[in-house]
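Peer 1: below are the sequence and a predicted model for it; my questions follow.
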Amino acid sequence: MPRPDHDILIAGGGLSAGLLALALRKYRPELRVGIVEAGRTFGGNHTWSSFESDLDAEGAALAAPLIAHRWPVHLLRFPAYVREVPLGYQSATSDRLHKVLEEALPPAGRILGVPVVSVAPGRVTLADQRVLTAHAVIDARGQRAAPALRLGFQKFVGLEVELARPHGLPGPVIMDATVDQHDGYRFVYTLPFAERRVLIEDTYYADAPALDRAGLERRICAYAAAQGWQVTRVLRREEGVLPIAIGGSIARHLAGFPPGVPPVGLAAGLFHPVTGYSFPDAVRLALHVARLPDLSGAAIDRAVRSYAVAAWDRRRFYRLLNKMLFHAAEPEQRWRVLQHFNRLDPPLVGRFYAGGTTFADKLRILSGKPPVPISRAVAALVRA
C-alpha cells in the first residue's frame, strides 16, 4: 500500500487550521502535517482578539507568535457610564498567522491558491483535480449553513485607518454603545494599533446576517469625525459575521458532516456563545488534538466531535442569556442588557469571557432588577 502524502491533512487555512498545525508541529514534530488553502495566504484578512485571561499558560504560549498587539486595559462606553477596565486584551492578525505557518511548515505542507472540492476519510480532492492522501483529514473550511442550530449574529465592517494626529486612547474600546442604535444592538469597537493607526468596527448584534457595507463605512467615518479624528487614509477593510448561539442540537449539526472527517472552528460550534469569538476555542482544541495518544483519522474524528458536544453542553447558561438578549429585549433596546452586564466586577467578566463562569457568578449575573421586562423574559425562556 503506497505511503499517504501526509500524516494529517487540514482542508482550509484559517485560524483553527493554523493553530492545529502549530500545536502538532510543537508536540508531534515527527508527523507530516499539511494545510490546503484556497487563498494565496493563510488566514485571509482577519483580526482575532481575546482577553488575556481567556487562555491558560500553555494556550498563551502556543498563541504568542500570532499576537501582534497587547493592551493592559480596555474601555467600555455606555449611556450610563464610561469605564476603564484593568483586564488585558490582545489581538492576533492573519499576517502573523501566515508568516508563522510559512516558517513552521515545510513547502510540501503548504498548499496555497487551490480550492478544496471535497473531503473524505483519508483523501482531499482539489479543484485542479489532484487528490491528496493522508492518514487523517480535518475539515477547517470555516462556518457554513447550520439548520440544526438557532443562531443570532454579531456582524461588523471595519476600517483600519491612519489619523492626522494621535488618537489618545489608553487601550481598546471594546464597546461604545453611546452611538445611535440600528439593526439590533449597535456598538463601535476600536483597536488602537499605533498612536495614529486604529481599526474601527461598526458592530451589530442582529437577527439577520446581511451587511450594508457602504452604509456601515459611512457610519465609521462619522464616528471617527465625532471623536475629533481626521482620517488621512484607509489602510485596510475587514468584515465578518460571527454566530451567536441561542439554541439547537449540536449532535444533529455535527451529523451533517461526513463521518471520519471532523469539522473544527466555527463549523463545529466552537466559539463563545455570547461574543462569537473563536480564538480561545481554536487554541484549546489544537492542544487537545495534539495530546491525543492516537492520531489516526477515526480517533481524531471521535475526539473532536466529543469535544465539540461537551463544549456546547457546558455553555447552556450562555445560550440562556442569548435568549434573553435576542428574544426578551426589543432589538434597539438590547444595549441595556450589555450595559447591565458590563457593570459587574472585572474578575467575573473575565471568567465569563473565558467560559469559566461559576455558580456564584451566574447568581450575580441574574440578580438585581432585570434589564428587560419580566413578561418578555419569561416568554423568551419558554420559547426555543
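Peer 2: Everything's here; your move. Numbering: from 1, shown residues only.
Peer 1: please count neighbours and contacts with C-alpha atoms only from this point.
Peer 2: OK.
Peer 1: low-confidence ranges, the stretch 151-300 of the chain, go.
Peer 2: By pLDDT under 70, the stretch 151-300 of the chain contains no weakly predicted segment.
Peer 1: show me the strands in it, by range?
Peer 2: Ranges of strands within the stretch 151-300 of the chain are 173-176, 185-194, 197-206, 231-248, based on DSSP state E, counting those that start in this stretch.
Peer 1: most tightly packed of the ones you listed?
Peer 2: strand 197-206 (a mean of 25; mean count of other C-alpha atoms under 10 Å).
Peer 1: who does that one pair up with?
Peer 2: strand 149-163 (antiparallel), strand 185-194 (antiparallel) (DSSP bridges).
Peer 1: how about those strands, which one is nearest Glu58?
Peer 2: strand 185-194 (25.6 Å; C-alpha to C-alpha).
Peer 1: how far does the closest one sit from the chain's center?
Peer 2: Put simply, strand 185-194 sits 16 Å off its chain's centre (C-alpha atoms, centre = their mean, to the nearest Å).
Peer 1: can I get it in PDB, CA atoms only?
Peer 2: Taking Å, rounded to 0.1, in the frame of the first residue of the first chain, the C-alpha atoms of strand 185-194 are listed here in PDB:
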ATOM      1  CA  TYR A 185     -27.700  46.300  19.400                       C
ATOM      2  CA  ARG A 186     -25.100  48.500  17.800                       C
ATOM      3  CA  PHE A 187     -21.700  49.500  19.200                       C
ATOM      4  CA  VAL A 188     -18.400  50.700  17.800                       C
ATOM      5  CA  TYR A 189     -15.300  48.700  18.600                       C
ATOM      6  CA  THR A 190     -11.900  50.400  18.300                       C
ATOM      7  CA  LEU A 191      -8.400  48.800  18.400                       C
ATOM      8  CA  PRO A 192      -5.500  51.300  18.700                       C
ATOM      9  CA  PHE A 193      -2.600  49.600  16.800                       C
ATOM     10  CA  ALA A 194      -0.300  52.700  17.000                       C
END
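Peer 1: which residues touch it?
Peer 2: With contacts defined as C-alpha atoms under 8 Å, 6 or more residues apart in numbering, strand 185-194 is touched by 69, 167, 169, 171-181, 198-206, 331-335.
Peer 1: mind doing that once more with 6 Å?
Peer 2: With C-alpha atoms under 6 Å, 6 or more residues apart in numbering as the test, strand 185-194 has contacts from 172-177, 198-205, 332, 334-335.
Peer 1: and what of stretch 297-313?
Peer 2: 135-136, 260-262.
Peer 1: on that earlier part again, want to throw the strands of the stretch 151-300 of the chain into CSV with distance to Phe359?
Peer 2: Below are the strands of the stretch 151-300 of the chain laid out as CSV (distance: least, C-alpha to C-alpha, whole Å):
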stretch, distance to Phe359
strand 173-176, 26
strand 185-194, 27
strand 197-206, 26
strand 231-248, 20
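Peer 1: just for the stretch 1-150 of the chain, where's the confidence low?
Peer 2: 1.
Peer 1: those strands in it, which residues are they?
Peer 2: Going by DSSP E, counting those that start in this stretch, the stretch 1-150 of the chain shows strands at 6-11, 33-37, 47-51, 67-71, 74-78, 81-85, 89-93, 110-112, 116-120, 123-126, 131-139, 149-163.
Peer 1: compile the ones you listed into TSV and extend it with columns for distance to Leu270 and mean neighbour count.
Peer 2: TSV is the format used below for the strands of the stretch 1-150 of the chain (distance: least, C-alpha to C-alpha, whole Å; neighbours: other C-alpha atoms under 10 Å):
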stretch	distance to Leu270	mean neighbour count
strand 6-11	17	25
strand 33-37	20	26
strand 47-51	14	19
strand 67-71	20	17
strand 74-78	25	20
strand 81-85	27	13
strand 89-93	18	20
strand 110-112	25	18
strand 116-120	20	17
strand 123-126	23	19
strand 131-139	13	23
strand 149-163	13	22
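Peer 1: so for Leu295, which of those strands sits nearest?
Peer 2: Closest among the strands of the stretch 1-150 of the chain, using C-alpha to C-alpha: strand 131-139, at 7.4 Å.
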